[in-house]
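Peer 1: Show me how the following folds:
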Amino acid sequence: MKAVRVHEPGSVEALRVEEVPVREPGEGEARVRLEAVGVNFLDIYYRTGAYRVPLPFTLGSEGAGVVDAVGPGVEEVRVGDRVAYAMTLGAYAEYAVVPAWRLVPVPPEVELRTAAAALLQGLTAHYLTISTYPLRAGETALVHAAAGGTGALLVQAAVRRGATVFGTVSTEEKAQVAREAGAHAVIRYTEEDFVAAVRERTGGAGVHVVYDSVGQATFLRSLDCLRPRGYMVLFGQASGPAPAIDPQLLNVKGSLFLTRPSLGHYIATREELLWRSRELFEWIVRGEVRVRIDRVWPLEAAAEAHRYLEGRQTKGKVLLLPRG
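Peer 2: Numbers count the residues shown, from 1 in each chain. Below is the predicted model of the structure:
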């Protein structure tokens with residue numbers, strides 16, 4: 001089968017399209033014939049070596065397809081089931097062998113491309129708005145990169161909770177995407193200071209929570225957007241790692257809370273994974289959350305997909321298709 005492999009961390013030139021054997025599933029595993037693969041900033045962290053794993057490896061942590069084989073002891077899925085998964089390496093390929101407990105059923109009303117586009121980022125939006133900082137009606141939230149794949153879903157999830165949502169974007173085209181997602185106010189950070197804009201729009205109070213996937217470029221100034229005892233939720237570092245801070249800074253700026261969550265800790269059991277994925281797919285089926293697929297490439301064009309993502313050009317989800 002075709003697979004996109006990394007032998008040494010580096011730039012997009014580190015991505016190699018290779019022919020590798022199709023592995024048989026072992027105890028507790030299932031093999032999925034992949035129909036669509038999600039491309040995430042997480043993949044760039046692995047490709048560049050920011051997140052380290054044994055080399056060589058097949059990139060990709062999200063996919064959807066049909067189960068075509070199961071190993072001994074598997075009870076969670078059967079051959080022929082339509083499934084999706086996230087947070088297991090090996091998705092940039094025609095087939096993936098996945099721990100069966102990580103596979104979630106895809107409802108018949110949801111296309112497999114939509115499932116691949118929604119799962120990792122949608123589960124992220126779910127845990128951030130329901131568990132990390134459980135938004136309540138009438139509260140305020142700032143979402144950075146509000147037009148990206150995760151950002152647009154996060155805006156929708158926050159609006160669904162009854163929050164007033166401010167989103168930052170770089171261009172008018174992205175501003176329109178954020179508005180369509182439901183953002184109540186969109187701030188073009190290339191033209192206005194987002195701290196001043198948030199303060200003005202909240203009457204000087206600040207927001208209850210900032211959801212920041214950008215990191216270095218936004219982190220410190222995001223603290224200035226919070227009201228006293230507000231929550232700084234740093235869940236990514238698209239612009240680079242956030243700077244180290246003295247915890248006393250959190251006191252000075254209003255007894256703030258700071259957390260650095262990741263999805264893996266919020267889907268660590270099958271029960272929690274099924275709960276979150278079931279609710280996510282219900283949102284999609286009911287039309288409460290819309291999944292925007294921005295660009296689709298064949299598997300062999302993984303390097304182009306990474307260039308597009310790293311260039312901060314995304315206005316929704318990027319997919320790879322293992323079969324063109």
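
Peer 1: ranges for the strands of the stretch 51-200 of the chain?
Peer 2: Secondary structure of the stretch 51-200 of the chain (DSSP state E, counting those that start in this stretch): strands at 57-58, 62-70, 82-86, 95-99, 104-105, 140-143, 164-169, 185-188.

Peer 1: quick one: the helices in this structure?
Peer 2: With helices called from DSSP state H, the chain shows them at 41-48, 112-127, 149-160, 172-181, 194-201, 219-223, 248-252, 270-285, 302-310.

Peer 1: Pretty sure residue 135 sits against residue 142.
Peer 2: No. Taking contacts as C-beta atoms under 8 Å, residue 135 lies outside contact range of residue 142: 11.9 Å. Placement of C-beta: from N, CA and C, glycine included.

Peer 1: Return the residues in contact with the residue nearest the centre of the chain.
Peer 2: The centroid of the chain falls nearest to residue 121 when counting by C-alpha atoms, centre = their mean (3.0 Å). Contacts for residue 121 (C-beta atoms under 8 Å, 6 or more residues apart in numbering) come out as 38, 40, 149, 150, 153, 317.

Peer 1: Next, the contact list for residue 255, please.
Peer 2: With C-beta under 8 Å, 6+ apart, residue 255 has these contacts: 228, 229.

Peer 1: now with 10 Å?
Peer 2: Contact partners of residue 255, counting by C-beta atoms under 10 Å, 6 or more residues apart in numbering, are 228, 229, 230.

Peer 1: same thing with residue 303?
Peer 2: With C-beta under 10 Å, 6+ apart, residue 303 has these contacts: 4, 11, 12, 13, 14, 15, 16, 17, 47, 297.

Peer 1: quick one: the fourth one and residue 304, what's the gap?
Peer 2: Here residue 13 is placed at a distance of 12 Å from residue 304 (C-beta to C-beta, to the nearest Å).

Peer 1: Show me which positions of stretch 262-280 end up buried.
Peer 2: For stretch 262-280, burial by neighbour count (16 or more other C-beta atoms under 10 Å) applies to 263, 266, 267, 273, 276, 277, 280.

Peer 1: what do you get for stretch 106-122?
Peer 2: For stretch 106-122, using 16+ other C-beta under 10 Å, the buried residues are 106, 110-122.

Peer 1: just checking, what's the longest strand in this protein?
Peer 2: strand 29-39 (DSSP state E).

Peer 1: picking that back up, show me which of the contacts of residue 303 are buried.
Peer 2: Counted by 16+ other C-beta under 10 Å, the contacts of residue 303 give 4, 14, 15, 47, 297 as buried.

Peer 1: For residue 135 and residue 142, list the residues in contact with both.
Peer 2: The contact lists of residue 135 and residue 142 share 158, 165, 208, 209, 211, where a contact means C-beta under 10 Å, 6+ apart.

Peer 1: could I get the buried residues of stretch 106-122 as CSV with distance to residue 171 and pLDDT?
Peer 2: Shown next, in CSV, are the buried residues of stretch 106-122 (distance: C-beta to C-beta, whole Å; pLDDT from 0 to 100):
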residue, distance to residue 171, pLDDT
106, 33, 98
110, 30, 98
111, 29, 98
112, 31, 98
113, 26, 97
114, 26, 98
115, 29, 98
116, 26, 98
117, 22, 97
118, 24, 97
119, 27, 97
120, 25, 96
121, 20, 95
122, 24, 97
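
Peer 1: ok, residue 89 - contacts?
Peer 2: Neighbouring residues of residue 89 by C-beta under 10 Å, 6+ apart: 42, 43, 46, 51, 53, 57, 58, 59, 60, 61, 96, 98.

Peer 1: hang on, the earlier thing: quick check: of the buried residues of stretch 262-280, which lies closest to residue 184?
Peer 2: residue 280 (22.7 Å; C-beta to C-beta).

Peer 1: surely the closest one meets residue 267?
Peer 2: No. Contact between residue 280 and residue 267 fails when scored by C-beta atoms under 10 Å: they sit 11.0 Å apart.

Peer 1: these two touch, right, residue 308 and residue 297?
Peer 2: Yes. Between residue 308 and residue 297 there is a contact at 8.4 Å, judged by C-beta under 10 Å.

Peer 1: Leaving out chain neighbours, which residue sits closest to residue 254?
Peer 2: residue 228 (3.6 Å; C-beta to C-beta, 6 or more residues apart in numbering).

Peer 1: Hmm, residue 252 and the one you found touching each other?
Peer 2: No. Counting by C-beta under 10 Å, residue 228 does not reach residue 252; the two are 11.1 Å apart.
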